[in-house]
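Q: What follows is a predicted structure for the sequence shown.
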Amino acid sequence: MRGNPTQGNIVGAESALLGREKKENVNNKHHVHERNLTPPFPDTLNEIIVGLGCFWGAEKKFWPLNGVYTTAVGYAGGHTKNPSYKEVCSGLTGHAEVVRVVFDPIKITLEKILKIFWECHNPTQGMRQGNDQGTQYRSAVYCCTEEQLKFVLKSKESYKKKLLESGYPLITTEVSQDKTFYYADSYHQQYLSKNPNGYCGLKGTGVCVT
């Protein structure tokens, strides 16, 4: 079990750590397919940022998908600039652990990406995912466009109904737009490719999107 002192409430901007101006220096080659982790990306690609608990297992759900150009893990949704992993785990940044998914919309739809997102974790658990407790493990989708935002909100409403019909409580997934993504250090990038027997606490509800 992993956790932080603020398991229930996201820290406010006035109480969050300040962070730093210097960005995390990451190895720019994806460990699985060696494509870039950082921009610039081809203009034909889209991206979305998703949080579904510990980012080690979450990233692995997306990098094998046909049409996904690259993935990277990091932090978003909080207040601290360029936070460290230790700072995020303290609960004093407001950030969630997230995966940046860069994809070709001609080869894979946002609908397919959201299907993977909803089905491989439990989006009704609030500030936790399984045994991992803390605000950094919350379920979240951070959209890059207004069109994406509308689509995700519609998808959330649809899945909420299916979960309720199956006896689950309300979805707690945070959905918003234009959140800054901060890269985690290279140690965490594609962690389960480098450490195949590493920790993964992801567990879905068994409720299918369609």
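A: Yep, that arrived.
Q: Packing partners of the helix or strand in which Thr71 is found?
A: Following DSSP states H and E, one finds Thr71 within strand 68-76. Contacts defined by 3 or more Cβ pairs under 8 Å, 6 or more residues apart in numbering; DSSP states H and E place strand 68-76 against helix 55-62, strand 96-103, strand 182-183. In this view, the C-beta of every residue, glycine as well, is placed from N, C-alpha and C.
Q: from these, which stretch is densest packed?
A: Among those, ranked by average contacts under mean count of other Cβ atoms under 10 Å, first place goes to strand 96-103 (a mean of 26).
Q: buried sites along the helix or strand that comes right after it?
A: Using DSSP H and E, the next helix or strand after strand 96-103 towards the C-terminus is helix 110-119. For helix 110-119, the neighbour count (16 or more other Cβ atoms under 10 Å) marks 110, 112-119 as buried.
Q: re the thing from before, could you give the angle of the strand holding Thr71 to helix 110-119?
A: Angle of strand 68-76 versus helix 110-119, following axes from the mean of the first three to the mean of the last three Cα atoms, to 10 degrees, is 50 degrees.
Q: Pairing partners for strand 68-76, with directions?
A: Within its sheet, strand 68-76 is paired with strand 96-103 (antiparallel), strand 182-183 (antiparallel), according to DSSP bridges.
Q: which element is Tyr159 on?
A: Going by DSSP H and E, Tyr159 is in helix 146-165.
Q: Which stretch among the strands paired with strand 68-76 approaches Tyr75 most closely?
A: Among the strands paired with strand 68-76, strand 182-183 comes nearest to Tyr75, with 4.8 Å by Cβ to Cβ.
Q: average pLDDT for that closest one?
A: Mean pLDDT, strand 182-183: 98.
Q: want to try CSV for the helices and strands packed on strand 68-76, with distance to Val207 as columns?
A: What follows is the helices and strands packed on strand 68-76, written out as CSV (distance: least, Cβ to Cβ, whole Å):
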stretch, distance to Val207
helix 55-62, 16
strand 96-103, 21
strand 182-183, 32
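Q: In the protein, where is pLDDT below threshold?
A: Of all residues in the chain, those with pLDDT under 70 make up the ranges 1-7.
Q: quick one: contacts for the closest residue to Cys200 other than its chain neighbours?
A: Closest residue in space to Cys200, ignoring its immediate chain neighbours: Gly57 at 3.3 Å, by Cβ to Cβ, 6 or more residues apart in numbering. Residues in contact with Gly57 (Cβ atoms under 8 Å, 6 or more residues apart in numbering) are 192, 199-202.
Q: With distance to Ala16, neighbour count and secondary structure as new columns, can the residues you listed be given to me in CSV?
A: Formatted as CSV, the contacts of Gly57 follow (distance: Cβ to Cβ, whole Å; neighbours: other Cβ atoms under 10 Å; DSSP: H, G, I helix; E, B strand; the rest coil):
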residue, distance to Ala16, neighbour count, secondary structure
Leu192, 29, 19, helix
Tyr199, 27, 12, coil
Cys200, 28, 15, coil
Gly201, 25, 18, coil
Leu202, 27, 18, coil
